[in-house]
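[1] sequence-free structure coming up:
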């Protein structure tokens, strides 16, 4: 019988009878129900920073489940793991006087930050500042605000018009265009949101000076700067948060994925003093009427604390910095492989982009390469229909990175040979 599970981002006409059922993982490796092992090139979905099979995280979650699995944090209620994690994250934040608003993942975090940006300007007496600016190729999750902020057209199409109004996109690195937009409509703009490195849009690092220029423009026009660190947070670029690599200080930071390495769903927003102040300071004042059933979920927070212990105790962010040139070298050599247009790498993140002329002749070819990679023992996926994602766990070894690149190289060669045979 075909599956009853509707897979995300999947053509169910193709997937329904062809599921790959994964059963276990250890380190950088995943095994399916049939016992086939794969090198996990994507760390799940950018998230498994500390690697698969970490018993310490499972044990921390189990201990919390035995005492108090969860309870609503609305009003005055909370739990000790929630308070401890908030304190720890505030101390790690690249923002002064940070506080933390929790949700269940990155999409929650983006919706929270977008709503808070608009609410902030409303309580400051500027309700006209409601426009939120994002970038071409950007991905900000799939809740309503994230869909409206997406810079990937396919993510926005088919929903009957703007799913959330008052959002606008600018070129991925177009500082001149951003400056013109601020000059013309700065009085309407609540916030600018951007990923330190564009992730799902194709692993696109910023051009030199980009983020410094964005910071100056936001400061000059009073626009809130939101760093979407759902992918880049907790070490992916070799710094705790990606903005630290580019010398920019945001007003808010969205996070998820690496905070628990995906062991349990958790995300949130680090909120700096400027945005926090009207909602916290004084004896009374405005309220941010927003939250989720699982905001500050006790067991998820306990898992996050154990995950951060591993990240720090094993110095895995330093390890990312040491592996960055290895990944860049191994993925870089694929630039000469069949079908490849270019490669990009930064931190422990990379993309192998298929030549545009090849995609023009056969738009389905990148997915064929990803399927071939699986046959060669490497799990990857296609970004924006044009590139293969590479974002392995931080515990991957140098030999495993070479194995990963060789598997992708074999998949590219196999797909090129098959394509030529069908011409």
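    Cool, the structure landed. It should be emphasised that the depicted structure is a prediction, and the values quoted were computed from it without experimental measurement.
[2] which residue sits closest to residue 95 in space, ignoring its chain neighbours?
    residue 272 (3.8 Å; Cβ to Cβ, 6 or more residues apart in numbering). C-beta coordinates here come from the backbone N, C-alpha and C atoms, glycine included.
[3] Any figure for the gap between that neighbour and residue 411?
    Distance of residue 272 to residue 411, given as Cβ to Cβ, to the nearest Å: 44 Å.
[4] can I assume the residue nearest to residue 95 is in contact with residue 226?
    No. In this structure, residue 272 is not within contact of residue 226 by Cβ atoms under 8 Å, at 10.4 Å.
[5] out of these two, which sits in the busier spot?
    Neighbours were counted for residue 272 and for residue 226 using other Cβ atoms under 10 Å; residue 226 has more, 30 against 21.
[6] any idea which helix or strand carries the residue lying closest to that one once chain neighbours are set aside?
    Closest residue to residue 226 apart from its sequence neighbours, by Cβ to Cβ, 6+ apart: residue 193 at 4.1 Å. Counting by DSSP states H and E, the element that carries residue 193 is strand 189-194.
[7] Contacts for that strand next, please.
    110, 113-114, 117-118, 120-121, 129-135, 138, 140, 149, 178, 181-182, 214, 217-218, 221, 223-228, 251-252 (Cβ atoms under 8 Å, 6 or more residues apart in numbering).
[8] now it, how far from the centre of its chain.
    Put simply, strand 189-194 sits 18 Å off its chain's centre (Cα atoms, centre = their mean, to the nearest Å).
[9] could you give the angle of the helix or strand just after it to strand 189-194?
    Helices and strands here follow DSSP H and E; after strand 189-194, the next one along the chain is helix 210-221. Here helix 210-221 points in a direction 170 degrees away from that of strand 189-194 (axes from the mean of the first three to the mean of the last three Cα atoms, to 10 degrees).
[10] Please work out the average pLDDT along helix 210-221.
    Mean pLDDT, helix 210-221: 98.
[11] residues of that helix that come out buried?
    210, 211, 213, 214, 215, 217, 218, 221 (16 or more other Cβ atoms under 10 Å).
[12] The closest residue to residue 398 other than its chain neighbours: neighbouring residues, count only.
    If the residues on either side of it in the chain are set aside, residue 398 comes closest to residue 326, at 5.2 Å by Cβ to Cβ, 6+ apart. Residue neighbour count, defined by other Cβ under 10 Å, stands at 18 for residue 326.
[13] Show me where the stretch 151-300 of the chain has its strands.
    Remark: strands assigned in the stretch 151-300 of the chain by DSSP state E, counting those that start in this stretch are 167-170, 189-194, 224-228, 252-255, 267-271.
[14] In the strand or helix carrying the residue nearest to residue 398, which residues are buried?
    Assigned by DSSP H and E, residue 326 belongs to helix 316-332. By neighbour count with 16+ other Cβ under 10 Å, helix 316-332 contains the buried residues 316, 317, 319, 320, 323, 324, 326, 327, 328, 330, 331, 332.
[15] any idea which of those residues is closest to residue 370?
    Using Cβ to Cβ, residue 331 comes nearest to residue 370 of those, at 15.2 Å.
[16] can you give me the strands in the stretch 301-423 of the chain?
    340-346, 349-354, 378-379, 382-383, 387-390.
[17] which residues of the stretch 201-350 of the chain score low on pLDDT?
    Along the stretch 201-350 of the chain, no part satisfies pLDDT under 70.
[18] need the contact list for the residue nearest the centre of the chain.
    Closest to where the C-alpha atoms of the chain average out (Cα atoms, centre = their mean) is residue 231, at 2.6 Å. Residue 231 makes contacts with 46, 195, 197, 199, 200, 257, 349, 391, as judged by Cβ under 8 Å, 6+ apart.
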